[in-house]
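In: What follows is a predicted structure for the sequence shown.
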Amino acid sequence: MAGMALGTIPSVFSHSTVKNMKSENPSPIAVATWNFQDATKMAGTMLYDGASALDAVEKGVMVEEANLNNTTVGNGGAPDRDGNVTLDASIMSPDGNAGSVVYLKEIEHPVSVARKVMEETPHVMLAGEGALQFAIQNGFKRKNLLTDTSEKAWKEWLKKKEYKPIINIENHDTIGMLCIDNKGDIAGACTTSGLAYKMNGRVGDSPIIGAGLYLDNEVGGAVATGMGEAIMKSVGSFLIVELMRQGMSPQQACEEAVMRTVNKDPDHKDFQIAYLAMNKAGEIGSYCIHKGFTYAKYQDGENTNNASPSYLTD
């Protein structure tokens, strides 16, 4: 399936496909990039207690935003090369509404600020000082997010100032989550501190609707992780949802999205990108360039870590 031409799939979306997806109405599911089982447990438990998909994805990724041992998300995230911890996050609701924040400092839970942007402003994205001002006005408290551990690692990095992303090592990854609730609605969220020791001002794919996260409640959703620049160039999550709309399974769509990057970027062996998708029937797909990407899944009381197939197997 990898690398198949778009012309080999139906060019017109079949509405009967959407109806079939809806009629399946799977039991609630929470999935997340990487082995963030504490996050999927939080979201999955909420779903089975009757929470909405939107509430579940927000609370689920907040687990990792508060996890000081996770240096890629929220509090304790690795800083940029100037020592600033800057956070990006996005969220999408079943009605198609979306909110995001970029280059947000001193706020532990950027996903919650993104939800406020979505629900209480006419905008989709707020950035930098404006995002911080909005957060404070809405009751969020300032917090120093640079932990002693992250600061020590940053100062060690300053000695050589070498920058090279390490494949499947958590200096450039994120948590993206998708949930289906007991009504069959789907929501998604994505949050990250971005590339470790990135240039001051750099923004990746996570807060970009259509890149790090996209969903359509009639079709399904997708989230991305890895090298954000490559994901943005292909608008990968939007691509996956549109391929599912045209009839592809989540697995086929993830494979096609990865192959778009593989076929166009001769340096693809030097970085990782990975996608995770779920359609309205609860079918899940994942694919990545390099072996090693996994995703967590909570359904029917089972919380598992699942290996993703990859383009490169060595």
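Out: Perfect, thanks for sending it.
In: ok, Thr313 to Met62 distance?
Out: Computed with CB to CB, to the nearest Å, the distance linking Thr313 and Met62 is 35 Å. Where you see a C-beta, it was placed from the backbone N, CA and C, and this is true even at glycine.
In: Between those two, which has more neighbouring residues?
Out: Just comparing Thr313 and Met62: by other CB atoms under 10 Å the higher neighbour count belongs to Met62, 23 against 7.
In: Now find how far off-centre the helix or strand where that one lies is within its chain.
Out: Here Met62 is covered by helix 53-65, with elements defined by DSSP states H and E. Going by CA atoms, centre = their mean, to the nearest Å, the spacing between the C-alpha centre of helix 53-65 and its chain's C-alpha centre is 12 Å.
In: Packing partners of it?
Out: Helices and strands touching helix 53-65, by 3 or more CB pairs under 8 Å, 6 or more residues apart in numbering; DSSP states H and E, are strand 29-33, helix 37-48, strand 87-92, helix 110-120, strand 175-180, strand 186-192.
In: helices and strands of the protein: which one has the lowest mean pLDDT?
Out: Between all helices and strands in the chain, the lowest mean by mean pLDDT, DSSP states H and E belongs to helix 15-24, at a mean of 47.
In: returning to what we had before: neighbouring contacts of the helix holding Met62?
Out: The set of residues that contact helix 53-65 without belonging to it, under CB atoms under 8 Å, 6 or more residues apart in numbering, is 30, 32, 36, 38-40, 42-44, 46-47, 51, 70, 73-75, 89, 91, 93-94, 108-112, 115, 175, 177-181, 185-191.
In: Could you give the separation of the helix ranked longest in the chain from the chain centroid?
Out: Using DSSP state H to define each element, the chain has its longest helix at helix 250-264. For helix 250-264, the gap between its own C-alpha mean and the chain's C-alpha mean amounts to 17 Å (CA atoms, centre = their mean).
In: now for it, which elements pack on it?
Out: Counting by 3+ CB pairs under 8 Å, 6+ apart, the packing neighbours recorded for helix 250-264 are strand 220-226, helix 228-234, helix 236-245, strand 273-279, strand 284-290, strand 310-312.
In: quick one: buried residues of the strand or helix carrying Lys152?
Out: Secondary structure assigned from DSSP H and E places Lys152 in helix 148-158. When burial is assessed from 16 or more other CB atoms under 10 Å, helix 148-158 yields the following buried residues: 150, 153-154, 157.
In: dump the residue contacts of Ser308.
Out: 274, 276, 286-288, 293-295.
In: For these, pick the one with the most neighbours.
Out: Counting by other CB under 10 Å, Leu276 has the largest number of neighbours within these, with 33 neighbours.
In: measure that residue to Glu162 for me?
Out: Where Glu162 is concerned, Leu276 sits at a distance of 30 Å (CB to CB).
In: Repeat that for Asp82.
Out: Using CB to CB, Asp82 is found at 16 Å from Glu162.
In: quick one, which of the two is more surrounded?
Out: More neighbours surround Asp82 than the other of Asp82 and Glu162, with 12 against 7 (other CB under 10 Å).
In: Identify the residues contacting the more buried one.
Out: Asn200.
In: If I look at it, what pLDDT would I see?
Out: What the model reports as pLDDT for Asp82 is 94.
In: Going by secondary structure, it is in what exactly?
Out: Per DSSP H and E, Asp82 falls between elements, in no helix or strand.
In: and Lys291, what does it touch?
Out: With CB under 8 Å, 6+ apart as the criterion, the residues that contact Lys291 are 310, 312-314.
In: out of these, which is most surrounded?
Out: Using other CB under 10 Å as the contact criterion, the top neighbour count among the contacts of Lys291 goes to Ser310, which has 18 neighbours.
In: so that one sits right up against Phe293, yeah?
Out: Yes: taking CB atoms under 8 Å as the contact criterion, Ser310 and Phe293 are neighbours in contact, 6.9 Å apart.
In: Could you point out which residue ranges in the stretch 1-150 of the chain have low pLDDT?
Out: 1-24 (pLDDT under 70).
In: List the contacts of Val203.
Out: Val203 is in contact with 88, 102-103, 194, counting by CB under 8 Å, 6+ apart.
In: mind checking how far it is from Thr192?
Out: With the distance defined as CB to CB, Val203 ends up 10 Å from Thr192.
In: thinking again about what came up before, now the contacts of Lys291 in CSV, please, with extra columns for pLDDT and distance to Phe140.
Out: CSV is the format used below for the contacts of Lys291 (pLDDT from 0 to 100; distance: CB to CB, whole Å):
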residue, pLDDT, distance to Phe140
Ser310, 97, 39
Leu312, 97, 41
Thr313, 92, 44
Asp314, 84, 45
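In: and the two most separated of the residues you listed?
Out: Greatest spacing in the contacts of Lys291, by CB to CB: Ser310 and Asp314 (9.6 Å).
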